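A.B. asks: build me a structure from this.
(chains A and B)
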2 protein chains.
Amino acid sequence: MKTYIKHNPWQIIEDTFRPEHNEFSESIFAIGNGRMGQRANFEEYFSGKSLQGSYLAGIYYPDKTRVGWWKNGYPEYFAKVINSFNWIGLDIAINGQRLDLAQVTVLSFERRLDMQRGVLQRSFVVRMHDGVEVKVEASRMYHLFASETASLQYQVQALTADVTIELTSFLDAEVVNRDSNYDEKFWEPLEQGQQGQNLFVSSRTKKTGFEVCAELETRVTGTDGVIEAGEIVSKDGYMAQRYTATVAKSHTLCVEKRVAIITSENHVAEKLRTVATGRLTDLRAFHFDQLKEKQAKAWQAIWDESDIEIFGDVAAQQAIRYNIFQLNQTYTGEDARLNIGPKGFTGEKYGGVTYWDTEAYCIPFYLATQTPEIARNLLLYRYQQLDKAIENAGKLGFSNGAALFPMVTINGEECHNEWEITFEEIHRNGAIAFAIYNYVRYTGDNDYIWSHGLDVLIAISRFWAQRVNWSTDKEQYVMLGVTGPNEYENNVNNNWYTNRIASWCLDYTLTCLRNCEKSRAEIFTALLARLKLTADEQNHWQHIIDKLYFPYDEKRKIFLQQDGFLDKELIPVQELDPSQRPINQKWSWDRILRSCYIKQADVLQGFYFLEEHFDEETLDRHFEFYEPLTVHESSLSPCVHAILAAKLGKTAKAYEFYLRTSRLDLDDYNNDTEDGLHITSMAGTWMTIVEGFAGMRVKDGRLYLNPMLPPEWKGYKFRILFRGATLLIAVYADFYTIENVSDTPAHIQTAAEVFVLAGHGTKQISQVR
Amino acid sequence: MKTYIKHNPWQIIEDTFRPEHNEFSESIFAIGNGRMGQRANFEEYFSGKSLQGSYLAGIYYPDKTRVGWWKNGYPEYFAKVINSFNWIGLDIAINGQRLDLAQVTVLSFERRLDMQRGVLQRSFVVRMHDGVEVKVEASRMYHLFASETASLQYQVQALTADVTIELTSFLDAEVVNRDSNYDEKFWEPLEQGQQGQNLFVSSRTKKTGFEVCAELETRVTGTDGVIEAGEIVSKDGYMAQRYTATVAKSHTLCVEKRVAIITSENHVAEKLRTVATGRLTDLRAFHFDQLKEKQAKAWQAIWDESDIEIFGDVAAQQAIRYNIFQLNQTYTGEDARLNIGPKGFTGEKYGGVTYWDTEAYCIPFYLATQTPEIARNLLLYRYQQLDKAIENAGKLGFSNGAALFPMVTINGEECHNEWEITFEEIHRNGAIAFAIYNYVRYTGDNDYIWSHGLDVLIAISRFWAQRVNWSTDKEQYVMLGVTGPNEYENNVNNNWYTNRIASWCLDYTLTCLRNCEKSRAEIFTALLARLKLTADEQNHWQHIIDKLYFPYDEKRKIFLQQDGFLDKELIPVQELDPSQRPINQKWSWDRILRSCYIKQADVLQGFYFLEEHFDEETLDRHFEFYEPLTVHESSLSPCVHAILAAKLGKTAKAYEFYLRTSRLDLDDYNNDTEDGLHITSMAGTWMTIVEGFAGMRVKDGRLYLNPMLPPEWKGYKFRILFRGATLLIAVYADFYTIENVSDTPAHIQTAAEVFVLAGHGTKQISQVR
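C.D. replies: Predicted coordinates for the structure are as follows:
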């Protein structure tokens, strides 16, 4: 845990140089624009602790699988979003001494991330070995308004004497991943040189063959105007320009770097250089301050749609904005080939690829804060990978078009290699089906079901139908050998959540088929023919729904997490010796597995997804049974519990869970933020406020609200996009207001009434829970 | 499968050069003497397929663990018996052309392993590029009579013309393991040079610091007598002597090499060179032929004790001798720090360390064919590692002196790193306790229990007592999260075998304690005090015995392999599509796990160990239920099934299983013999004949026999050492004889009677099943 980030509603501020925590800060201050992003590495050379990291969305390397013991069916590789070109580099010597914050005396230091405007700023004053003091002010942006470009400004002021500055501005494609299974280099250089006054470097990824061309423009200005580059340095995959300047006392040398990074993912390979040159030409008319204005404007548009204001609690305010900011830096939704890596562009861990987090935690955020196309693109990502998911299921022995979507993927192929997860954590199929339902429920876009959804739903249903088997012993269908959302149980039989979501998938698919038959008979007929889906097969699905076994305890009236759960010793977490926690760092794996302790919501995850199937009393009974056994050692756990606690009126519990999720990274709760941020759980933080405290749901095509106010807050305010309307919802202690800030009328339901809020209308409601 | 090894009662013969299968042959023709051993690599340079491998018992390297995903509790390293000094090397040029069987024309080739005399022979005729033909005859031995030495003779005859031979005889310590997790070198050279006419090299293993010194004597004799060495070559860890000779047509150049390899495991490090010199001096008086005589005599002593003769089936005869030969090459039992690696000295796979195979499969062989000290040393191996086993259990959260012996070890520390095995395949503790029982039952050496056994038994009982937990749901004790002997089930609850062996351990420990109290009260009192073992703790064990849960099917009257077994689809193996087998190469791991298919005896393993607890009808019911579901994909499976089938009078089935186990390596059933031999399952082959066909048991301190004859054989004959007596048992179609070839009377029981067979007495019994 670290608590030195200053509380501020719009900015993230670090005001002291802490080289020992530099990798933590590099994660926290990371910036990006959905297309590319970067850890907050220094421009100048730094010999201290640092994880160099710049990443390009969709550019990956298939790193050969490393395991201790191979299991048949493991994938050949783990796809990694790889460390890419370092374009920020400035090697600086002042009076012949290298500027390296690990080697000089740092007199002051500040790092500041302006979330409102999308700018990373850094300023520091150092005393060099010869006693000369200089001040540096640096600003950096990944342009939201032109996503293939980025820029920085770096100003060096001579404070105490005239100085000579030698400066090398470079573009380096000879980068490596710290996380490489066999210490391989992932890039091979293609071409490099000068393009007018600019430098360019092209490289290709090995095996995957992605080509990337970066063009760099450096502009150095002294008191007497522009300083021309001297020597050009060219090495394998590395180009640099050298500058020498004399800066008089109190005067400033200003360096500006602009880069365009163009990939063969988005352009034909032959045109990369041309496009890069064009992108920089497009920016040429604008000063750095003008670029900053464009950036601020682009970010303002995002905040207008997705800001949440919290009154009376700056730490909470900062935290929720930080979560929203990072989500928007990671994924803008404009490209259906991209997805939301668990660490976004902020680190190498987990390979930056797609997990079920996207469907289970991120979809609601994008649904409510962006136009429907964004969430739709996330659905299309999976739709486009359906063939690969069918192939993947085939490797595990499934047939007839059954699909198992991968546990971890970037291009649709499975990357993970732990049998108990790769082969058994199959509930991910359920989340992918549920996301379709969630999208359609929120947007009302039924057409998506006919055009894309049913293909995915049928393939998933076929998987479930083959994955269960008939137990002659129970005379019911059972599902053996699975790992549920709670990964502290492996290879269990009849995980309730997995059985329940499987049954739901089958049921939803049949419902969609019936609706399709009713409303779009021609599509229905074509679909059955194309997918060879017979009435028999559908009847078999219904039979499974009717005869699927669910472990249940009659005495407690509790669905059991899995077969045999009650054989465990049920000792509440609070009776655990605190020195034994987190158990995943203190206990061997077998001890965790046979304990009753739950990593993250499992049965309760099912209650969250399928809440309309269970009354509050039943929910309360299950919450009271399972939550005390839950250690929340997944970053995805507290948010679901916060939402359910809020629903049940357990205000203190809900607020406690909000605290655990919202400042997870800012305060480094798990001591692992140095590896990168927990991007996907940030969407859970948003859900905690909107679905938890404000009780937002969609019911019968209406936006449903039933808010409460945590006693620690004076109020909170957020925006929701709902079926064309933009609603501003403000909750206070005694009342709440709904303001329709768009032209589109909104269909709304509260605890007391159902009404239509006309465009630009406002309604005040006194009933706060 | 490969069937080119010629059938011969005493020899293993390969009569054609098959370079594509050279690694298979290198395994098959491996030789050793319990202290060290070697794959059948060529003396001369060979550029074809070869796995260079020489090994020294007990000399290992802690190779840093390699896993995909780290689990808390994993060991830091995997201990590997490492590839050691190559002393056989002869680099030969004939008329300036290198002798390399991959490059010249091989006109004839034969490899022959004389099991009776313990000599590996090889002869071949080649035509060199210049048309000259030479014949080579090579013999090699790892001396059983002087276990730190080995010797070879290599004769080159000029067949078609006079030739000039340049010859380099070397000793090379710069060897590497093919199986190294991080491509590390395991050795560092210490010292090297000349010692009189001999060469020596000393090296030390990294991390473990074992020191090894080898001294090599080379003697080259031509037609005109001894040829002096010319140039000496010295490189890092490598010493060589060069010789040049002219050999007239039909004349022979004879090379002899003798080596002493001395390790700091057995001598003080400072003395290694002195000891090595002494060992070679001891051999100096003997010609190579005399060494061969000494070797033949030493092997004869072994055959006198442990040979099995089979009449009317040469393939079966060769196979059983091969199994006995390799077991004796691997482990002689003279050193309680050593154990029986699953591949012995024949390959790198599995690291050459100790598994539960030793207790479950090898102990009976050594008990019946060697003096009791040998089996006792195997027990002492574990006894000496008890502290480490207690430490190991501590890492998994156990306390109060509970011990979990490692799944894989060399020095008592756990080496394995698959959670489902390392942490959960805990039934190994049961086999270790059972081996104590088995040893005492066979030898009558009750003192071992008081002096060593109870310490181990109590520590194991403490483990079981903590590993079960009380299920308030069942109101019985349960054991959650284990992997049984059938590794095609992982992390199951209440594996019947594990529960049963745990219960047996507790019961046997209590019985031993009561016996100790009765017969050796002073030891009993001291033991309770030293181990702080209270009456309460013993009562608690009894409570577990009384209230332990066993999964059972009332309908079939079958103990279930684990909870939920009947939820599986029970489809017999014979209905499986043959293209789907072996399933461990065709199916993904999850599919194997949720299938009903059994890798090796599990419930039936319990019936084998604890046979007196179950009547034949019950055994038959379980055999008929489980065997049809068993795929026997472990080399340890067929032998147990053969023994049980023989007991049940299922003769054809028993013979079928004998075939599967006895020629497993010779005919390369599993296509993996190139990695090394399946040493521990060879003891199972022996058990198949002695316990299976001959029905040998120990009952009430008597040797019990109840033989049958497989209809494919005319008869068989084997020797048994039993409580000081040596018995020669011969079984024919209509009768069998027991001959006491020792002075000691033997207490014997047959199906019909109980009698004492006096020294040198013989008894013929007509009752063959």
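
A.B. asks: any idea how far residue A:537 is from chain B?
C.D. replies: Noted for residue A:537: a distance of 19 Å to chain B, by C-beta to the nearest C-beta, to the nearest Å. Glycine gets a C-beta too; all of them are placed from N, C-alpha and C.

A.B. asks: show me how far the helix or strand that that residue is a member of is from its chain's centre.
C.D. replies: Using DSSP states H and E, the secondary-structure element containing residue A:537 is helix A:535-547. Remark: helix A:535-547 is offset 37 Å from the chain centroid, using C-alpha atoms, centre = their mean, to the nearest Å.

A.B. asks: same deal with stretch A:634-642?
C.D. replies: 15 Å.

A.B. asks: again with stretch A:433-450
C.D. replies: 21 Å.

A.B. asks: what does that stretch contact?
C.D. replies: Stretch A:433-450 is contacted from outside by A:358-360, A:363-364, A:367-368, A:372, A:375-376, A:378-379, A:382, A:453, A:456-457, A:460, A:501, A:504-505, A:508-509, A:512, A:515-516, A:519-520, A:523, A:609, A:698, A:701, A:722-723, using C-beta atoms under 8 Å, 6 or more residues apart in numbering or on different chains.

A.B. asks: kindly report the same for stretch A:582-597.
C.D. replies: Under the contact criterion C-beta under 8 Å, 6+ apart, stretch A:582-597 has outside partners A:488-490, A:565, A:568-571, A:573, A:576, A:579-580, A:599, A:629-631, A:633, B:71-73, B:395-397, B:419, B:423-424, B:469, B:480-481, B:491.

A.B. asks: can you tell me which of these are buried?
C.D. replies: For the contacts of stretch A:582-597, a neighbour count by 16 or more other C-beta atoms under 10 Å in any protein chain shown gives the buried set as A:488-490, A:565, A:568, A:573, A:599, A:629-631, A:633, B:71-73, B:395-397, B:419, B:423-424, B:480-481, B:491.

A.B. asks: just checking, residue A:503 touches residue A:548?
C.D. replies: Yes. Using C-beta atoms under 8 Å, residue A:503 makes contact with residue A:548 at a distance of 5.1 Å.

A.B. asks: which of the two has more neighbours?
C.D. replies: Remark: of residue A:503 and residue A:548, residue A:503 carries more neighbours, 22 against 19, as counted by other C-beta atoms under 10 Å in any protein chain shown.

A.B. asks: can you tell me the SS state at the more buried one?
C.D. replies: Look at residue A:503: counting by DSSP: H, G, I helix; E, B strand; the rest coil, its state is helix.

A.B. asks: show the pLDDT at it.
C.D. replies: At residue A:503, the pLDDT value in this model is 98.

A.B. asks: contacts only, for it.
C.D. replies: A:544, A:545, A:548.

A.B. asks: wait, what's in contact with residue A:341?
C.D. replies: Residue A:341 neighbours (C-beta under 8 Å, 6+ apart): A:81, A:330, A:350, A:351, A:352, A:353, A:354, A:679.

A.B. asks: gap between the last one and chain B?
C.D. replies: Spelled out, it's residue A:679. Using C-beta to the nearest C-beta, residue A:679 is found at 21 Å from chain B.

A.B. asks: and what of the first one?
C.D. replies: If you measure residue A:81 against chain B using C-beta to the nearest C-beta, the figure is 18 Å.

A.B. asks: and if you look at the third one?
C.D. replies: For residue A:350, the distance to chain B (C-beta to the nearest C-beta) stands at 11 Å.

A.B. asks: what parts of the stretch 251-400 of chain A come near chain B?
C.D. replies: Taking C-beta under 8 Å from any C-beta of the partner chain as the measure of proximity, the stretch 251-400 of chain A contacts chain B at A:395, A:396, A:397.

A.B. asks: name the nearest residue to the first one, ignoring sequence neighbours.
C.D. replies: Taking C-beta to C-beta, 6 or more residues apart in numbering or on different chains as the measure, residue A:395 lies nearest to residue A:73, with 5.9 Å between them; neighbours along the chain are not counted.

A.B. asks: what of the second one?
C.D. replies: The spatially closest residue to residue A:396, leaving aside those adjacent along the chain, is residue B:588, at 4.6 Å (C-beta to C-beta, 6+ apart).

A.B. asks: point out where the stretch 651-769 of chain A drops to low pLDDT.
C.D. replies: For the stretch 651-769 of chain A, applying pLDDT under 70 flags no range at all.

A.B. asks: could you redo the last one with a cut-off of 90?
C.D. replies: Where the stretch 651-769 of chain A drops to pLDDT under 90, the residues are A:659-660, A:669-672, A:767-769.

A.B. asks: can you tell me which of the residues of the stretch 251-400 of chain A next to chain B lies closest to residue B:275?
C.D. replies: Set against residue B:275, the nearest of these by C-beta to C-beta is residue A:395 (57.1 Å).

A.B. asks: quick one, strands of the stretch 151-300 of chain A?
C.D. replies: Secondary structure of the stretch 151-300 of chain A (DSSP state E, counting those that start in this stretch): strands at A:163-172, A:187-195, A:198-205, A:211-222, A:225-227, A:232-235, A:238-247, A:252-263.

A.B. asks: mean confidence for the shortest one?
C.D. replies: This points to strand A:225-227. On average, strand A:225-227 scores 95.

A.B. asks: which elements pack onto it?
C.D. replies: strand A:211-222, strand A:238-247 (3 or more C-beta pairs under 8 Å, 6 or more residues apart in numbering or on different chains; DSSP states H and E).

A.B. asks: which strand or helix spans residue A:600?
C.D. replies: Secondary structure assignment for residue A:600, by DSSP H and E: no helix or strand.

A.B. asks: residue A:302 now?
C.D. replies: Going by DSSP H and E, residue A:302 is part of helix A:288-306.

A.B. asks: centre of the chain versus that helix, how much separation?
C.D. replies: 21 Å.

A.B. asks: now it against strand A:211-222, angle please.
C.D. replies: Orientation check (axes from the mean of the first three to the mean of the last three C-alpha atoms, to 10 degrees): helix A:288-306 against strand A:211-222 gives 130 degrees.

A.B. asks: and the gap between the closest residue to residue A:143 other than its chain neighbours and residue A:203?
C.D. replies: Sequence neighbours aside, residue A:149 is the residue nearest to residue A:143 in space, at 5.0 Å (criterion: C-beta to C-beta, 6+ apart). According to C-beta to C-beta, to the nearest Å, residue A:149 and residue A:203 sit 18 Å apart.

A.B. asks: quick check: residues of the stretch 451-600 of chain A near chain B?
C.D. replies: By C-beta under 8 Å from any C-beta, the residues of the stretch 451-600 of chain A that approach chain B are A:469-474, A:478, A:480-481, A:490-493, A:563-564, A:566-570, A:584-591, A:593-594.

A.B. asks: list the ones among those that fall in strands.
C.D. replies: A:469, A:470, A:471, A:478 (DSSP state E).

A.B. asks: for the first one, give the beta-bridge partners.
C.D. replies: It stands for residue A:469. Counting by DSSP bridges, residue A:469 is bridged to residue A:478.

A.B. asks: now do the contacts for it.
C.D. replies: Contacts of residue A:469 by C-beta under 8 Å, 6+ apart are A:477, A:478, A:479, A:480, B:567, B:568, B:569, B:594.

A.B. asks: reformat those as TSV; add pLDDT.
C.D. replies: Below are the contacts of residue A:469 laid out as TSV (pLDDT from 0 to 100):
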residue	pLDDT
A:477	98
A:478	98
A:479	98
A:480	98
B:567	98
B:568	98
B:569	96
B:594	97
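
A.B. asks: now distance to residue B:113 too, for the residues you listed, in JSON lines please.
C.D. replies: Output for these, formatted as JSON lines (distance: C-beta to C-beta, whole Å):
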{"residue": "A:477", "distance to residue B:113": "57"}
{"residue": "A:478", "distance to residue B:113": "53"}
{"residue": "A:479", "distance to residue B:113": "53"}
{"residue": "A:480", "distance to residue B:113": "48"}
{"residue": "B:567", "distance to residue B:113": "50"}
{"residue": "B:568", "distance to residue B:113": "45"}
{"residue": "B:569", "distance to residue B:113": "47"}
{"residue": "B:594", "distance to residue B:113": "44"}
